Each structure stands twice: as C-alpha cells, then as structure tokens.
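> Okay, sequence plus prediction incoming.
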Amino acid sequence: MKVLANDLERHLGDPRGNGPGSWSQAVANDEAERFPVEADALLTAWGYPRWLVPEDLGGRLRSFDELLLLGRLVARRDLTLAISTGQSLLGALPVWLAGNPGQRERLAARLLGGAAGCLALTEEAHGSDLAANEVAAEHAEGGWLLDGAKWCVNNATRGETLTVLARSDPAGGPRGFSLFLVEKDRAQGLTPHPRLRTHGIRGADISGAIFERAAVGDALIGREGHGLDIVLKTLQLSRTLCAAFSLGAADSALRLALDFACSRRLYGATAWDIPAVRRALLDAFVDLLAAEMLARACARAASVVPGQMSVLSAVSKVVVPALAERILGSCATVLGARHYLREGEAAVFQKHLRDHAVVPLFDGSTSVNLYVISGQLERLASARAAADRVAPLFDDRPLPAFKPGSLTTSNRGEDDVLGSIGELEGALAAAVTAERDAAAARARDLATAGVRQDAPERFAAARRHAELTAAAACLHAAARGGRPAAVCAPAIHRLLGWPAVDPAGLEADLLVMHREGRLFSAHHDIEGGW
C-alpha cells in the first residue's frame with residue numbers, strides 16, 4: 001500500500017507548484033467555478049478508476065482500506081475532485097451489489113474509461129426522506145418509464161450514468177421503491193436540471209435530472225421493490241469512505257497551519273514557540289490520528305465483519321467529519337486572518353474549509369446517522385466479543401475480498417469493536433469499559449421508558465456510543481504498539497471529554513512529518529514530497 005500511495009503522490013506532483021494536481025490550480029478552478037478537468041485526467045491517466053471497479057470486472061477494488069487511503073491523498077489536494085470521484089463510486093456501488101451481469105460489465109467499461117456517474121436519490125421537496133420520493137417508475141414496452149426530477153446531485157450532468165431511486169409502487173412503503181441504472185446513451189426523455197451554485201466545491205457539477213416519461217429500457221437493478229434495501233447497504237460503504245474527504249482536508253489544514261506557525265516571527269520567536277499555538281496544533285494532530293484509527297478500522301470491517309457495517313459506518317460518519325471540523329477550526333485560529341484570504345500561500349485553506357462543510361451533509365447527515373445508531377442501541381447494549389475477533393481491523397494483514405452479498409441492514413445486536421474492550425488490559429481500557437457499561441444502561445433505560453428514536457435524549461446516547469466506539473478503536477490500535485499507543489491516552493480524553501492529557505510526547509513526530517512532507521498518520525509512512 002505504501003508503494004502504491006507514494007506512486008500516486010509522485011504522479012500528482014508537487015501540490016505547492018502549478019501543475020494540475022496543485023493547490024494553486026485547485027483554487028483557480030474554484031474561483032472560476034470550473035470542474036478540475038486536467039486533474040481528473042491526471043487521475044485517470046494514473047489508473048485511479050481501477051479502484052472504483054471490482055477485480056472480477058477488470059478493476060482493483062478488493063477491499064476498502066486501500067481506497068480510503070488513495071481517496072485521502074486526492075482529497076488533501078482538492079476536495080472537489082475527490083468528492084466527484086467518490087460520487088462515481090457511489091453511483092456504481094448499487095450495481096456492484098445487485099446489478100445483473102450486463103449492467104456490471106457496461107458500467108465497469110465506462111468507469112475504467114474515465115467516465116463519471118452518480119447516485120440520484122434526493123428530490124427538492126423531500127431531501128433525505130427517501131420514502132417520500134415522488135419520481136415514479138412504471139412498466140412499459142421494452143422496459144421502464146421514469147417521470148419526475150432529481151435535484152442536488154453531484155455529476156448528474158457530466159456523468160454518463162445515473163443510478164436512480166424511483167417509486168415503483170404508487171403506494172410507496174418499504175417495498176415501494178426500486179433502483180434503475182440510467183445510461184444516458186440508452187435513454188430517451190431525459191434533460192439536465194440546471195446547475196446549482198454552492199458555498200464550497202464550487203467547480204463540482206451539482207445539478208440533477210428531469211425525467212419526462214423517460215424511456216430507460218430494462219434498467220432495473222436487482223429485484224423490483226428492493227431499492228431502499230440496496231440504498232441502505234450502499235450507504236454503509238459510502239459513509240465509511242467519506243472519511244477520506246475529512247482526513248484529506250484535515251491533513252492539509254494542519255500542514256498549512258504548521259507552515260505558518262513555524263515560519264511566522266512574533267515577539268522574538270516563532271508562533272510555534274507560543275504555548276497556546278503549539279498545544280492547539282498538537283491537539284489537532286491527536287484528533288487527526290484518532291479519526292484515522294477509527295476510519296481505517298471501519299473500512300477494514302467491510303471485509304472482516306460486514307454484518308456490523310450498518311452501525312460502524314454511521315459511527316464513522318458521525319465522528320470523523322466532526323473531528324475534522326474541530327481540526328479545521330483550530331488551524332483557522334492559528335492562521336488568524338490568513339485563513340480567510342482567497343489569495344497568498346494559504347489560499348487553499350479557505351477552500352478546504354468551505355469544501356469540507358458539505359461532508360457532514362451527504363450520504364446521510366449527522367442527524368440521519370444518529371437516528372440509525374439510535375434505533376439499534378438497545379440490542380447493542382449487551383453485545384460482547386473476544387478481542388482477537390476484531391484484531392484484523394487494526395493490524396496490517398491482507399484482507400479477504402469484500403463479498404457484495406455480505407451486508408445486512410441491521411447489526412443484529414453485534415458490536416465487536418466496543419463489545420470487546422473489556423478484555424483489554426490497563427487502567428485506560430478499564431475506564432472506557434466503565435463508560436461503555438454506563439452508556440449501555442442509559443440506552444436500556446431510554447428504550448424501557450419508550451423514548452422516541454429521534455428524541456434528543458436518544459440522539460445524545462447515540463452520539464456517546466459513536467464516541468465510545470472511536471475510543472475503543474484507539475485502544476485496539478494501541479494494543480499493537482507504535483504511534484497508536486503514544487496517541488491513545490490524549491485521543492481518548494479528547495474524544496470522551498475527559499480532563500486533557502498533555503500530548504507533548506508527540507511533538508517530535510509531528511514536526512518530523514511536517515518537515516519531511518509525510519502524511520500525518522498513525523499507520524502509513526507516505527512520503528508525499530510536500
């Protein structure tokens with residue numbers, strides 16, 4: 001993985017230069033609200049689309065931890081490009097999970113050739129309430145007709161394909177929706193929805209599609225009426241991979257803040273020599289490594305414990321973007337007025353700040369993911385597991401290939417990451433275990449009292465479960481030694497809101513990674529060439 005990542009970094013070039021993969025070009029494209037065509041071509045020339053396509057279809061997608069790292073490297077240069085590429089995978093995942101052989105082969109050929117695609121779920125009147133969607137699908141001679149409009153969809157106009165959720169039964173309900181692979185060159189009656197102007201990722205194609213009794217042929221993905229199930233399973237993977245966007249934005253933010261702190265002269269010394277500045281950046285470093293440890297474990301879980309992804313993916317989507325927002329905020333404070341400027345050496349910072357604001361919103365907002373966790377808390381409260389069962393999530397052993405049929409819509413009461421921490425040794429593990437048991441008792445009390453799944457108290461309990469799972473991920477990673485062990489205590493104290501632990505012991509690691517242009521990572525030694 002290290003060789004692969006370093007090769008991608010070299011191919012993308014110096015981000016501080018003027019090439020297609022540079023920060024300056026990303027900012028220029030953003031200012032012009034222009035899609036990064038040259039950077040996208042650079043990625044395609046390297047072969048990046050191969051990681052969007054399964055091995056059995058000619059690609060290199062086998063497990064998701066590798067794609068998480070590659071996506072992070074793209075995101076720390078330009079989130080517009082990273083999110084657009086991620087949208088193509090999002091549109092393909094339902095086909096990989098449930099498509100027929102012809103759909104899978106045609107879509108694989110398109111993606112390997114550099115084409116874009118998307119998943120068209122949202123409608124202007126309904127947002128994330130998918131069960132209220134009104135785009136209708138009806139049987140017709142030669143296949144299906146679609147009628148209605150999809151809105152606020154990335155890649156909807158520039159993409160060659162749209163994977164569309166539509167109401168196939170006028171009555172709706174759990175079996176009232178189906179998914180369709182709409183291939184534009186095989187469809188009639190489809191027009192683009194006008195592009196929407198956005199706060200961040202300004203160069204992205206955020207638009208939609210208007211179907212006017214559009215004939216889309218035999219486009220059904222999987223079984224009729226199973227669209228919502230396929231979407232729920234798709235989002236388990238995409239939510240997990242969204243962590244790449246947060247990790248990439250946070251990495252660049254910390255790098256830019258360190259550039260400034262180590263060079264800015266104030267009061268006879270550098271800004272880094274000011275204790276409050278140094279502590280803010282060390283805390284940001286701790287948050288970044290904690291986010292990485294959780295994200296990496298969740299990505300590996302898709303191959304190791306796929307039946308637990310309904311909760312683990314939601315946990316990652318709640319915790320990782322929130323940590324990245326905290327990192328961006330701390331780094332903005334260190335940069336001061338420079339974080340607000342759209343010109344100069346740190347101009348890309350404001351782009352990362354604006355771009356990342358969308359990450360907590362898509363693939364299910366934070367509230368949606370808290371709702372997902374909340375609905376399973378009572379059963380998760382009694383989950384226990386052996387620590388060795390989750391070891392593959394936190395080591396470097398090769399993973400088995402992901403099996404598309406292995407995902408489920410419920411954890412069925414299994415929670416290995418948090419459920420196994422009672423077996424770990426040490427005072428810190430014991431303290432987190434006590435917190436877990438208290439949180440489990442609280443979850444049972446709320447369920448017994450009949451508190452609604454979407455009540456503030458249940459959301460608070462769901463958020464605590466997510467934070468405790470992140471703390472457990474730190475403990476499991478630390479059990480292997482190395483840098484995760486050094487960051488474990490300060491990370492857990494920050495995750496759980498306990499009294500602060502001084503992270504000064506990590507200062508040397510942070511400065512070396514910054515000076516040598518390496519990825520800020522607990523697991524990967526990526527050279528970067530920054």
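Alright, I've got the coordinates. Numbering: from 1, shown residues only.
> Farthest from the middle of the chain: give me that residue.
Most distant from the centre of the chain: residue 268, at 42.2 Å, with distances by C-alpha atoms, centre = their mean.
> For residue 405, list the residues it contacts.
Contacts for residue 405 (C-beta atoms under 8 Å, 6 or more residues apart in numbering) come out as residue 97. C-betas here are computed from N, CA, C, even on glycine.
> no wait, residue 206
152, 153, 154, 156, 195, 196, 198.
> domains of the protein?
Using automatic domain parsing, the domain parsing of the chain gives 2-116, 118-226, 242-398+410-515.
> So which of those is nearest residue 234?
domain 2-116 (4.4 Å; C-beta to C-beta).
> first vs last residue of that closest one, how far apart are they?
Here the two ends of domain 2-116 are set 27 Å apart, with distance taken as C-alpha to C-alpha, to the nearest Å.
> any idea of the mean pLDDT in that domain?
Taken as a whole, domain 2-116 has a mean pLDDT of 97.
> returning to that earlier point: which one of the contacts of residue 206 is nearest residue 476?
Using C-beta to C-beta, the contacts of residue 206 come closest to residue 476 at residue 154, 34.1 Å.
> Report the next helix or strand after the lowest-mean-pLDDT helix or strand in the chain in sequence order.
Ranked by mean pLDDT, DSSP states H and E, the helix or strand of the chain with the weakest confidence is strand 265-266, at a mean of 88. Using DSSP states H and E, the helix or strand that follows strand 265-266 in sequence is strand 269-270.
> which neighbours does the least confident helix or strand of the chain have in its sheet, and in what orientation?
Paired with strand 265-266 in the same sheet, following DSSP bridges, are strand 269-270 (antiparallel).
> all helices of the stretch 251-400 of the chain, in order?
Shown for the stretch 251-400 of the chain, the helices assigned by DSSP state H, counting those that start in this stretch span residues 275-304, 309-335, 347-356, 366-374, 377-380.
> quick one: residue 249 and residue 357 touch, right?
No - look at residue 249 against residue 357 with C-beta atoms under 8 Å: they stay out of range, at 9.8 Å.
> quick one, which of those two is more surrounded?
residue 249 (28 against 17; other C-beta atoms under 10 Å).
> secondary structure element for the more buried one?
Per DSSP H and E: helix 243-263 holds residue 249.
> Which pLDDT value goes with the spatially most central residue of the chain?
Nearest to the mean C-alpha position of the chain, by C-alpha atoms, centre = their mean, lies residue 242 at 0.9 Å. Confidence at residue 242, expressed as pLDDT, is 98.
> tell me the contacts of it?
Per C-beta under 8 Å, 6+ apart, neighbours of residue 242: 86, 316, 317, 320, 321, 359, 362, 363.
> What is the burial count for the closest residue to residue 272 other than its chain neighbours?
Closest residue to residue 272 apart from its sequence neighbours, by C-beta to C-beta, 6 or more residues apart in numbering: residue 261 at 4.3 Å. Residue 261 has 22 neighbouring residues, counting by other C-beta under 10 Å.
> Residue 261 and residue 334: what is the separation?
6 Å (C-beta to C-beta, to the nearest Å).
> okay, and the common contacts of the two?
271, 277, 281.
> In the protein, where is pLDDT below threshold?
Across the chain, residues meeting the criterion (pLDDT under 70) sit at 528-530.
> So which residues of it form strands?
117-120, 136-140, 143-154, 161-167, 177-183, 188-193, 206-217, 220-221, 265-266, 269-270 (DSSP state E).
> tally of neighbours for the closest residue in space to residue 435 that isn't next to it in sequence?
Counting by C-beta to C-beta, 6+ apart, residue 468 is the residue found nearest to residue 435 once chain neighbours are left out, at 6.0 Å. Using other C-beta under 10 Å, residue 468 has 24 other residues around it.
> Now do the buried residues in stretch 209-221.
209, 210, 211, 214, 215, 216, 217, 219, 220, 221 (16 or more other C-beta atoms under 10 Å).
> Ok, stretch 174-187 next?
Buried residues in stretch 174-187, counted by 16+ other C-beta under 10 Å: 175, 176, 177, 178, 179, 180, 181, 182, 183, 184, 187.
> Run through the residues that contact the residue lying closest to residue 142 once chain neighbours are set aside.
By the measure of C-beta to C-beta, 6+ apart, the closest residue to residue 142 outside its immediate chain neighbours is residue 217, 6.2 Å from it. Residue 217 makes contact with 142, 143, 144, 183, 186, 187 under the criterion C-beta under 8 Å, 6+ apart.
> Please identify which pair of those residues lies farthest apart.
Spatial extent of the contacts of residue 217 (C-beta to C-beta) is set by the pair 142 and 183 at 14.0 Å.
> I'd assumed residue 107 was in contact with residue 99.
Yes - counting by C-beta under 8 Å, residue 99 touches residue 107, with 7.2 Å between them.
> wait, isn't residue 352 in contact with residue 249?
Yes - with contact defined as C-beta under 8 Å, residue 352 reaches residue 249; the gap is 4.6 Å.
> And residue 487, how far from residue 73?
Computed as C-beta to C-beta, the residue 487 to residue 73 distance reads 21 Å.
> about what we covered before: distance from the helix holding residue 249 to the middle of the chain?
17 Å (C-alpha atoms, centre = their mean, to the nearest Å).
> mind listing what's buried in it?
Using 16+ other C-beta under 10 Å as the test for burial, helix 243-263 gives 243-261.
> Next: stretch 421-433.
421, 422, 424, 428, 429, 432, 433.
> Other residues contacting that stretch?
Outside stretch 421-433, the residues that touch it by C-beta under 8 Å, 6+ apart are 384, 386-387, 436, 468, 471-472, 475-476, 479, 488-489, 492, 496.
> Show the buried residues in those.
387, 436, 468, 471, 472, 475, 476, 479, 488, 489, 492.
> These: which two are farthest apart?
387 and 489 (18.8 Å).
> Neighbours of residue 24, how many?
With other C-beta under 10 Å as criterion, residue 24 counts 15.
> And for residue 110?
Residue 110, neighbours per other C-beta under 10 Å, totals 21.
> do residue 172 as well
For residue 172, the count of nearby residues is 15 (other C-beta under 10 Å).
> Count the neighbours of the residue nearest to it when sequence neighbours are not counted for me.
Counting by C-beta to C-beta, 6+ apart, residue 131 is the residue found nearest to residue 172 once chain neighbours are left out, at 6.3 Å. Neighbourhood size, residue 131 [other C-beta under 10 Å]: 12.
> how about stretch 455-475: buried residues?
458-459, 461-475.
> Contact partners for the residue lying closest to residue 54 once chain neighbours are set aside?
Closest residue in space to residue 54, ignoring its immediate chain neighbours: residue 61 at 5.0 Å, by C-beta to C-beta, 6+ apart. Contact analysis of residue 61 by C-beta under 8 Å, 6+ apart lists 50, 51, 52, 53, 54, 55, 67, 402.
> Go ahead and confirm residue 274 touches residue 264.
No - between residue 274 and residue 264 there is no contact under C-beta under 8 Å: 9.8 Å.
> From residue 19, how far off is the residue nearest to the centre of the chain?
According to C-beta to C-beta, residue 242 and residue 19 sit 27 Å apart.
> first to last residue in stretch 172-191, what's the distance?
25 Å.
> Now do the shared contacts for residue 352 and residue 249.
79, 328.
> hang on, residue 2 packs against residue 524?
Yes - using C-beta under 8 Å, residue 2 is in contact with residue 524, at 6.6 Å.
> Give me the more crowded residue out of these two.
Taking other C-beta under 10 Å, residue 2 and residue 524 do not tie; residue 524 has more neighbours (17 against 12).
> List phi and psi for the more buried one.
phi -110, psi 140 (degrees, to the nearest 10).
> Okay, buried residues for stretch 372-391 please.
Result for stretch 372-391 [16+ other C-beta under 10 Å]: buried residues 372-381, 383, 385, 387, 390.
> Any idea how far that stretch is from the middle of the chain?
Going by C-alpha atoms, centre = their mean, where stretch 372-391 is centred and where its chain is centred differ by 22 Å.
> Name the residues that touch it?
297, 304-305, 310-311, 314-315, 318, 364, 410-424, 440-441, 443-444, 446-447, 453-454, 458-459, 461-462, 465-466, 476, 479.
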